[in-house]
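> Here you go, sequence then predicted model.
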Amino acid sequence: MRIFDYKKYHFIGIGGIGVSAIARMLFLRGKEITGSDSGQSEITDDLEKLGIKVFIGQKAENIGDGTEAVIYSVAIEENNPEILEARKRDLACLSYPQALGELSREMFTIAISGTHGKTTTTAMLSHILKKAGFDPTVVIGSKIIGENTNFLAGKSKYLIVEACEYRRSFLNLHPSVLVITNIEADHMDYYKNLDDVKSAFSELEQKVPKDGFVIKESDYKKVKTDFDLLTPGKHNILNAQAAIKTAEIVGIPQEKSKEFLKDFKGTWRRLEYKGGKDGNIFYDDYAHHPTEITASLSALREKYPDHELICVFEPHQQCRTKLFFDDFIEALKLADKAFITPIFITRETDDGITTNKILSDAINKFVPAFAVENPEKLKTLLQKINSKKSLCIVFMGAGNIYKWTGSVMGV
């Protein structure tokens, strides 16, 4: 039996942005869905509002009677009690990348890959194809603003999917069109070096059939930039160029795509405007690699030249913090002031050495920087800022920093 032919599914790590998309898809197909995650989040709340039962905390009994298949996040270890229970009951078990690969096998797949920009490029391309009447199915690593979902259930043959390179997950896909936005060293808790990263993208490229298409930066940068975007930043111009070039492959003229993108509002946590209060403005951003931080801070600096730029950054993984330590300093000193929260640690053991204070002390040699341990401390420090300018405050990181925005700023 194919993985999508069962009636009752359980998702382990359902709060993950990719896993939750597959859960949404199967729920909308009329399947019975349950799931679990280690903590409550905006994503788990959204799923519960949809009607999906989500357990907080993972234990064997969460897998209910009658469950036929289990789909799990790649972050889930084999000793997870729910994985052990699923194996014990001989249930069909697939990782999220494997499940996504099965969906890809059924459809004309346009895969958007790359170290940076893939989420926004995926969303932009989805926006174009949807407005052009192509009605694509979309699986994306964020929620599309205006749609408030990371999954769109289309009725055409087209599948647009964000292709993640972590642990070579994207090699499960079967792309007819492949976009590679860029390649840099990242996920170095898995990859050996940059050459190893490049080898994964090369393997994916080899999966594209002879009558398919591979679009790289040298291809999409030829698209003229005579268009306007609501989303700020030169990096978003590049994302738009990639989306416009890809849409042309499936028959949408560049001028049409440029017109369609005029009202593209962006995606959740990708330089997402969160509002303003007392003359100050707030943004939420997923940037967690030095290249992404540089792009986001440069975009805000350009958009708000008369504001004092404040970055509240949550480092993501100690291994990434150590590997790119000097690059993080170079990126974060683009802000007028930097506040560094505790490092978000997952998939690794705390070494007890690499801390937010070490990073903030290094940044402080260039611009004022502070280690902050909790939202209350941050709020106190922000209230002490004596500036003649209004503030532009961006909360930045790939972990739980987005939860600080409301508690600190009240927006």
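Alright, I've got the coordinates. Residues are numbered from 1 along each chain as shown.

> what about the strands in the stretch 51-200 of the chain?
53-56, 69-72, 92-95, 108-113, 137-144, 149-152, 158-162, 175-180 (DSSP state E, counting those that start in this stretch).

> out of these, nearest to residue 284?
Nearest to residue 284, of all the strands of the stretch 51-200 of the chain, is strand 137-144, at 11.2 Å by CB to CB. To be clear about C-beta, it is placed using only N, CA and C from the backbone, and glycine gets the same treatment.

> Which elements pack onto that closest one?
Judged by 3 or more CB pairs under 8 Å, 6 or more residues apart in numbering; DSSP states H and E, strand 137-144 is in contact with helix 17-28, helix 96-106, helix 118-131, strand 149-152, strand 158-162.

> Dump these to CSV, plus mean neighbour count, mean pLDDT and distance to residue 342.
Output for the helices and strands packed on strand 137-144, formatted as CSV (neighbours: other CB atoms under 10 Å; pLDDT from 0 to 100; distance: least, CB to CB, whole Å):
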stretch, mean neighbour count, mean pLDDT, distance to residue 342
helix 17-28, 23, 93, 22
helix 96-106, 20, 94, 27
helix 118-131, 26, 96, 25
strand 149-152, 22, 88, 27
strand 158-162, 26, 96, 28
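
> Local confidence estimate at residue 69?
Confidence at residue 69, expressed as pLDDT, is 97.

> Give the burial count for the residue nearest to residue 146 when sequence neighbours are not counted, as a bare number.
Of all residues not flanking residue 146 in the chain, residue 265 sits nearest, at 5.2 Å (CB to CB, 6 or more residues apart in numbering). For residue 265, the count of nearby residues is 14 (other CB atoms under 10 Å).

> Repeat that for residue 92.
Count around residue 92 with other CB under 10 Å applied: 16.

> Apart from its neighbours in sequence, what residue is nearest it?
residue 69 (4.1 Å).

> Touching, that neighbour and residue 99? I think so.
No. Using CB atoms under 8 Å, residue 69 is not in contact with residue 99, being 9.1 Å away.

> Residues that sit against both of those two, list them.
Jointly contacting residue 69 and residue 99 under the rule CB atoms under 8 Å, 6 or more residues apart in numbering are residue 3.

> buried residues in stretch 301-310?
Using 16 or more other CB atoms under 10 Å as the test for burial, stretch 301-310 gives 301, 304, 307-310.

> Alpha carbons of that stretch, as PDB, please.
Backbone C-alpha positions of stretch 301-310 (Å, rounded to 0.1, in the frame of the first residue of the first chain) are rendered in PDB as follows:
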ATOM      1  CA  ARG A 301      19.200  49.900   7.200                       C
ATOM      2  CA  GLU A 302      18.300  50.800   3.600                       C
ATOM      3  CA  LYS A 303      14.600  50.900   4.300                       C
ATOM      4  CA  TYR A 304      14.800  52.900   7.600                       C
ATOM      5  CA  PRO A 305      17.900  55.100   7.400                       C
ATOM      6  CA  ASP A 306      16.600  57.500  10.000                       C
ATOM      7  CA  HIS A 307      16.000  54.800  12.700                       C
ATOM      8  CA  GLU A 308      18.400  53.300  15.200                       C
ATOM      9  CA  LEU A 309      18.700  49.700  14.200                       C
ATOM     10  CA  ILE A 310      18.500  47.200  17.100                       C
END
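
> Name the residues that touch it?
Counting by CB under 8 Å, 6+ apart, 232-233, 281, 297, 300, 334-339, 382, 385, 387, 389-394 sit against stretch 301-310.

> repeat that with 7 Å
With contact meaning CB atoms under 7 Å, 6 or more residues apart in numbering, stretch 301-310 is reached by 232, 297, 300, 334-337, 387, 389-393.

> Buried only: go through the residues you listed for me.
Buried, going by 16+ other CB under 10 Å: 232, 297, 300, 334-337, 391-393, out of the contacts of stretch 301-310.

> Show the pLDDT at residue 386.
At residue 386, pLDDT is 81.

> Show me what the nearest residue to residue 64 once chain neighbours are set aside is bridged to.
Spatial nearest neighbour of residue 64, chain neighbours left out: residue 34 (6.0 Å); criterion: CB to CB, 6+ apart. Here residue 34 shows beta-bridge partners residue 10, residue 53, assigned using DSSP bridges.

> Touching, residue 34 and residue 10? I think so.
Yes. Using CB atoms under 7 Å, residue 34 is in contact with residue 10, at 5.0 Å.

> So for the two, which residue has more residues nearby?
Set residue 34 next to residue 10 and count neighbours by other CB under 10 Å: residue 10 wins out with 27 against 18.

> Return the residues in contact with that one.
Neighbours of residue 10 in contact, by CB under 7 Å, 6+ apart: 34-35, 63, 67, 70.

> who does the lengthiest helix in the chain touch, helix- and strand-wise?
Counting residues, the longest helix found in the chain (DSSP state H) is helix 234-249. If you count contacts as 3 or more CB pairs under 7 Å, 6 or more residues apart in numbering; DSSP states H and E, helix 234-249 packs onto helix 118-131, strand 175-180, strand 213-215, helix 217-220, helix 254-260.

> Tell me the buried residues in it?
235-248.

> tell me the least confident of these?
residue 235 (91).

> residues contacting that residue?
Taking CB under 7 Å, 6+ apart, we find residue 235 in contact with 117, 295, 299.

> Many thanks, we can stop here.
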